[in-house]
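K.L.:
build me a model:
(one chain, ligands or ions: 4)
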Amino acid sequence: MAKKEASTENGFSFTRSASSNARNGLARIQTHTNTPEVCHDDSTPPVRAQTIHDLHSLQKKKSSAPSTPITSSSATSPFSTILEEERQRLQLQSISASLASLTRETGPKVVRGDPASKVVTHHHHDHHYITPTFDASDSALKFTHVLYNLSPAELYEQAIKYEKGSFITATGALATLSGAKTGRSPRDKRVVKDESTEHDLWWGKGSPNIEMDEHTFLINRERAVDYLNSLEKVFVNDQFLNWDPEHRIKVRIVSARAYHSLFMHNMCIRPTPEELEEFGTPDFTIYNAGQFPCNRYTHHMTSSTSIDINIARKEMVILGTQYAGEMKKGLFSVMHYLMPKRNILSLHSGCNMGKNGDVALFFGLSGTGKTTLSTDHNRYLIGDDEHCWSENGVSNIEGGCYAKCVDLSREKEPDIWNAIKFGTVVENVVFDEHTREVDFSDKSVTENTRAAYPIEYIPNAKIPCVAPHPKNVILLACDAFGVLPPVSKLSLAQTMYHFISGYTALVAGTEDGIKEPQATFSACFGAAFIMMHPTKYAAMLAEKMQKHGATGWLVNTGWSGGRYGVGNRIKLAYTRKIIDAIHSGSLLNSEYTKTEVFGLEIPTAIEGVPSEILDPVNTWADKKAYQDTLLKLASLFKKNFNGFISYKIGTDQSLTEEILAAGPTL
Ligand SMILES: Nc1ncnc2c1ncn2[C@@H]1O[C@H](COP(=O)(O)OP(=O)(O)OP(=O)(O)O)[C@@H](O)[C@H]1O
Ligand SMILES: O=C([O-])CC(=O)C(=O)O
Ligand SMILES: [Ca+2]
Ligand SMILES: [Mn+2]
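P.N.:
Ligands and ions are numbered 1, 2, ... in the order given. Just a heads-up that it's a prediction; the model follows:
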């Protein structure tokens, strides 16, 4: 009791003393003075805000950003405002339809914006959300917030706020972790086999298309869509593939992570606000529920990861892997179906163009140098990984590049180094915890560290990314056996033989589960992505090369002086000199000798390259080991090609025979 009185007393006495101070104690703080010579900083007008909330709302100006695509003109008349509202309603309806599942046929209620943002309310008068007409489930009662085509800055904020492992690097890139998977999972890819794909696609031994039935696809689709709809918010990217305006494909990517949204923002072609307004219904949709596994008790599932393509439904589902490359290469697979249907050849290749308009294609499996060698300071970059070759010439499928960054150095690859800045996603890299300086030599997370950046981050990228017909077709192989010459000139038949073989020593890490380099044959330098039989693409390539007079080259970007473990990888500087000589045309007219076994034409001299390395036998100390290794590799080629000998390449029987004869002789 006494204690309570004391505290009350204290309280009163405090109040009393405070008020007495105000009345007659301390002098008031003077904010104005009559002395004119004293300069007070009162010149700035006060902020036009009554509260801190008002102040913050002043910070962001309404824009015509793609997140709310409104053209400036549409805001002027009340008439166009109605049209704009109608357009936004249709757009949300389209997204809602994308997210429809069987338990919720009409699609969820979708509303724009981040649920964490105070500005968005569910009772908005503008009705910019879609309500399902009828559904009895609880999930239909909630809203699914849609973060639609956010800008890189907005996606950075989302990633940093909500996704563990997101950091800004010293150069402004967004560092992220792709989770348990740090490479693609080709064994978990499934393609729906139905009446039409059964005949159109390549099935069986050697094919990347592992079948799944329509019903199982729908089970996985439902699983992915329900997962996405259970989230508070999803990211939606509406973008394009293929710079050839005649054959542009509209894609929609629905994902759960800002990392995935920013990755696709960088990798696909970015629509202008005007193009986005007219986007309409996508031609293809990806549901990326990568954080959520598939159900292993589902038919056809052999792990908790599943990447499922359904050509008829124009949909792809991703479960159980967050590796962003699955989206990029999944769409590439789809293009390998859609484009040949239009008589356009799809290519796993880089492409660049000289100042005089000479175009080169760079084929090669993962890690063989497509990105590194197509990114050339002296040439225009068309693209680093996926192209189409049509009657119009070459066009890039993508709007960005995806560079390996293990051991990346500023000196050897300056343009890629400089592209790692604000907006770029760097995956699975290690950085200094204080300075946020990336250590590209650190492979602690994975060997397959990657940077995804918009193509215009390369200063000499050519926008739009289209080019005339190629003059040179360069096949890159990273030969871990160290017996292929650094460069050889190929006949058309040899070009086709090596294109169908698709040889390399797979560099560790890109395909999940492979840790040591090993000899790999992957038809068309991309068997994991082709959908039809390799000879179909080969016939198209032969026809185009013949028609446009392109020369084929085989460039070994791998080992010299011994096999992996004994020799060393050919210096990038030498490979660049070789490539320069191909581009300039000087190598075409050089002096050649023919190698034994593979029958390859090798030049005797190239400017800037030590002549003794041009014939690999010179670089091996142990000549017997060289001969044995050469025969070993040749027999691997033969064994692999046996799978193709009963196929005809196009309609030209003599070419088919020439191709069969163009391989190594034992
Ligand atoms: N002589 C060489 N020629 C080309 N690349 C080399 C050479 N020596 C080392 N490298 C390294 O090999 C890697 C080539 O990777 P690159 O990103 O170009 O592969 P890619 O063919 O584009 O594969 P992906 O299809 O997986 O993107 C780079 O890390 C590059 O620095
Ligand atoms: O797809 C990936 O993850 C990287 C790539 O370009 C390839 O492997 O060809
Ligand atoms: Ca690449
Ligand atoms: Mn690739």
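
K.L.:
quick check: closest non-adjacent residue to Gly482.
P.N.:
Distances taken as Cβ to Cβ, 6 or more residues apart in numbering put Trp559 closest to Gly482, at 3.5 Å, once the chain neighbours are dropped. Placement of C-beta: from N, CA and C, glycine included.

K.L.:
partners of that neighbour in the sheet?
P.N.:
Beta-bridge partners recorded for Trp559 (DSSP bridges): Arg569.

K.L.:
which ones are touching it?
P.N.:
Asp479, Ala480, Phe481, Gly482, Ala505, Gly567, Asn568, Arg569, Ile570 (Cβ atoms under 8 Å, 6 or more residues apart in numbering).

K.L.:
quick check: the fifth one is in a helix.
P.N.:
What that stands for is Ala505. No: under DSSP: H, G, I helix; E, B strand; the rest coil, Ala505 falls outside any helix and is assigned strand.

K.L.:
what number of residues are in the vicinity of it?
P.N.:
For Ala505, the tally of surrounding residues (other Cβ atoms under 10 Å) stands at 24.

K.L.:
what's it in contact with, if anything?
P.N.:
Taking Cβ under 8 Å, 6+ apart as the test, what Ala505 contacts is Cys478, Asp479, Ala480, Phe481, Pro517, Gln518, Ala519, Thr520, Gly558, Trp559, Tyr564.

K.L.:
check the gap between the residue nearest to Gly482 and Pro464 for me.
P.N.:
From Trp559 over to Pro464 the distance is 38 Å, taken as Cβ to Cβ, to the nearest Å.

K.L.:
would you mark the buried spots in the helix or strand harbouring Tyr574?
P.N.:
Tyr574 belongs to helix 572-584 when assigned by DSSP states H and E. Within helix 572-584, the residues that qualify as buried are Leu572, Tyr574, Thr575, Arg576, Lys577, Ile578, Ile579, Asp580, Ala581, Ile582, His583, counting by 16 or more other Cβ atoms under 10 Å.

K.L.:
quick check: Asn220 touching Gly320?
P.N.:
No: assessed by Cβ atoms under 8 Å, Asn220 is found out of contact with Gly320, at 9.9 Å.

K.L.:
could I get the contacting residues of the nearest residue to Ile307 once chain neighbours are set aside?
P.N.:
Distances taken as Cβ to Cβ, 6+ apart place Lys189 nearest to Ile307, at 4.8 Å, with adjacent residues excluded. For Lys189, the contacting residues are Pro208, Asn209, Ile210, Ile307, Asp308, Ile309, Ser333, Ala528, by Cβ under 8 Å, 6+ apart.

K.L.:
tell me the contacts of Leu554?
P.N.:
Per Cβ under 8 Å, 6+ apart, neighbours of Leu554: Leu475, Ala477, Leu484, Pro485, Val487, Ser488, Leu490, Gln494, His498, Leu600.

K.L.:
write the ChimeraX selection for whichever of the residues you listed are buried.
P.N.:
Buried subset of these, written as a ChimeraX selection, criterion 16+ other Cβ under 10 Å:
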select :475,477,484,485,487,488,490,494,498,600
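
K.L.:
output the contacts of Leu554 in TSV, with pLDDT, secondary structure and distance to Thr593 appended to each entry.
P.N.:
Shown next, in TSV, are the contacts of Leu554 (pLDDT from 0 to 100; DSSP: H, G, I helix; E, B strand; the rest coil; distance: Cβ to Cβ, whole Å):
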residue	pLDDT	secondary structure	distance to Thr593
Leu475	98	strand	20
Ala477	98	strand	20
Leu484	97	coil	15
Pro485	98	coil	10
Val487	98	strand	13
Ser488	98	strand	10
Leu490	98	strand	15
Gln494	98	helix	15
His498	98	helix	19
Leu600	98	coil	10
